[in-house]
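>>> I'll drop the sequence and a predicted model, then ask my questions.
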Amino acid sequence: MLIKKLETFTNQTIGFVRVTTDTGDQGWGQISTYNADITCDVFHRQIARHAIGKDALDFTDMIDLIGEKELKFPGSYVRRATAGLDTALWDLKGRVENKPVVELLGGTPGPLRIYGSSMRRDITPQDEAKRLVRLRDEKGIDAFKWRVGLEAGRDVDKWPGRTEEIVPVVSKALGDGIAKLVDGNSGFSPKRAIEVGRLLEDNDICHFEEPCPYWEFDWTKQVTDALSIDVTGGEQDCEMSAWRTIIEKKTVNIVQPDVLYLGGIHRTMQVARLAEEAGLPCLPHSANLGLATLCSMHILRAIANGGNYLEYSIEGPYSQQWADELFNENPFTITDGKVNVSDAPGWGVTIKKSFLDAANYQMSEAE
Ligand SMILES: [Mg+2]
């Protein structure tokens, strides 16, 4: 079965890939979010030509080869575009073999604990506490992450004192028996990150994500070595050389690859295996309810070193509203603080006609 045609359907934020084989079989994947229109141009210019005419079911070496052949273009865009091809091929393989992707990866369908993930810094500690407590009580969610510092903030807070206030206020409001996580989004120097880390240790926080600019591996490692709680990271890292360094140096305690930033399922499984060999848990980053979260669900129920929970965005514009606009099915329904990985073939979703009709369309095909 050979890859015959690759189509993309995109707006500026989100774009899907449809692969069609010479037998007429099809699969759907997603390139990574944000600047998806630019990524689709990269897809047709730099990715499709390596895939057209190639085996549609035995494709992992071809995914590796794309990065090698595009050697002059390391970094994000080629990986984001590759993710669209990879995730479409996993869906295709699942549909052809009548298995969910989780089974192709060696796992089983079933329930998965989530953590409610806040994306906001423009919210007061009191309001953040209120909405997380409501989700705890209404949805049965027993793990939450909220934000401290400022994204790439150079030690400047969103407003003075916010970090010092929001950590104890939200932690106390959530109470005992709840896993509490915070995210620094590359906001702090090592010195300030360690200060904030002490505050976290004193307030029952178990997970300090991306405390320092993520590209400064040694800064992050200083924080990891200084604190007793887990320091985590890796969502932006999309090169295997970076991942080998992070894992070999034990820069973090928990690795957080993003399936779509990194280039798809195959590459994420490579990172998960490297982490497993080093004894590190893998907790994929999935900050919106597009395919990234669905991919992370299938991976978490397949790998031996999966983290304790799935990242589940609680924000309206990035969360349920997206899922409602994108998929005919809703794969993200929460029951007792858990989602369910379905046994439907492939990703178990189909894309809404309304999204596809409104999207910009491009096609690459065998000559
Ligand atoms: Mg993060």
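That came through, no problem.
>>> residues making contact with the helix or strand harbouring Asp218?
Assigned by DSSP states H and E, Asp218 falls within helix 217-226. Contact with helix 217-226 is made by 189-190, 193-194, 197, 208, 210-214, 231, 233, 245-246, 249-253, as judged by CB atoms under 8 Å, 6 or more residues apart in numbering. Where you see a C-beta, it was placed from the backbone N, CA and C, and this is true even at glycine.
>>> Same question for stretch 56-72.
1-3, 19, 21, 25, 46-47, 50-51, 54-55, 74, 78-79, 82, 85-86, 89, 92-93, 96, 263-264, 266-267.
>>> Touching, Trp146 and Asp127? I think so.
No. Using CB atoms under 8 Å, Trp146 makes no contact with Asp127, being 11.1 Å away.
>>> and those two? which has more neighbours close in?
Higher neighbour count among Trp146 and Asp127: Trp146, with 28 against 11, using other CB atoms under 10 Å.
>>> List the residues that contact the more buried one.
If you count contacts by CB under 8 Å, 6+ apart, then Trp146 has 118, 128, 132, 166, 170, 181-183 around it.
>>> same thing but at 10 Å, please
Counting by CB atoms under 10 Å, 6 or more residues apart in numbering, Trp146 makes contact with 116-121, 123, 125, 128-129, 131-132, 166-167, 169-171, 174, 180-183, 205, 314.
>>> and the ion, which of those residues contact it?
Asp183 (CB under 5 Å from the ion).
>>> Are any of the contacts of Trp146 buried, and if so which?
116-119, 121, 123, 125, 128-129, 131-132, 166-167, 169-171, 174, 180-183, 205, 314 (16 or more other CB atoms under 10 Å).
>>> Show me which residues of the stretch 201-350 of the chain are close to the ion?
Residues of the stretch 201-350 of the chain lying near the ion (CB under 5 Å from the ion): Glu209.
>>> what bits of the stretch 201-350 of the chain have low per-residue confidence?
Applying pLDDT under 70 to the stretch 201-350 of the chain flags residues 317-321.
>>> Pull the CA coordinates from stretch 100-116 and hand them back as CSV.
Extracted in CSV, the C-alpha atoms of stretch 100-116 (Å, rounded to 0.1, in the frame of the first residue of the first chain):
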residue,chain,number,x,y,z
PRO,A,100,-7.1,2.1,17.8
VAL,A,101,-3.6,3.6,17.7
VAL,A,102,-3.1,2.8,21.4
GLU,A,103,-3.2,-0.9,20.4
LEU,A,104,-0.7,-0.4,17.6
LEU,A,105,1.6,1.1,20.2
GLY,A,106,1.2,-1.9,22.5
GLY,A,107,-1.4,-0.5,25.0
THR,A,108,-5.1,-0.9,25.5
PRO,A,109,-8.1,1.5,25.4
GLY,A,110,-9.7,2.6,28.7
PRO,A,111,-9.8,5.4,31.2
LEU,A,112,-7.1,7.9,31.9
ARG,A,113,-6.7,10.3,34.8
ILE,A,114,-6.4,13.9,33.8
TYR,A,115,-5.0,17.1,35.4
GLY,A,116,-6.9,20.3,34.7
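>>> what ranges do the strands span in the stretch 101-250 of the chain?
In the stretch 101-250 of the chain, the segments counted as strands under DSSP state E, counting those that start in this stretch are 110-117, 143-147, 179-183, 207-209, 230-233.
>>> List the buried residues of the helix holding Asp218.
Neighbour-count burial for helix 217-226, counted by 16+ other CB under 10 Å, picks out 217, 219-224.
>>> give me the number of residues near Glu138?
Count around Glu138 with other CB under 10 Å applied: 9.
>>> which residues touch it?
Contacts of Glu138 (CB under 10 Å, 6+ apart): Ile334.
>>> residue contacts, the residue nearest to Ala302 when sequence neighbours are not counted?
Of all residues not flanking Ala302 in the chain, Gly107 sits nearest, at 3.0 Å (CB to CB, 6 or more residues apart in numbering). Going by CB under 10 Å, 6+ apart, Gly107 touches 100-101, 298-304, 306, 341.
>>> Let me know the closest of these to Cys238.
Nearest to Cys238 out of the contacts of Gly107 is Ile299 (CB to CB; 16.2 Å).
>>> rewinding a little: filter the contacts of helix 217-226 to the buried ones?
Listed as buried from the contacts of helix 217-226 are 189-190, 193-194, 197, 208, 210-214, 231, 233, 246, 251-253; burial here means 16+ other CB under 10 Å.
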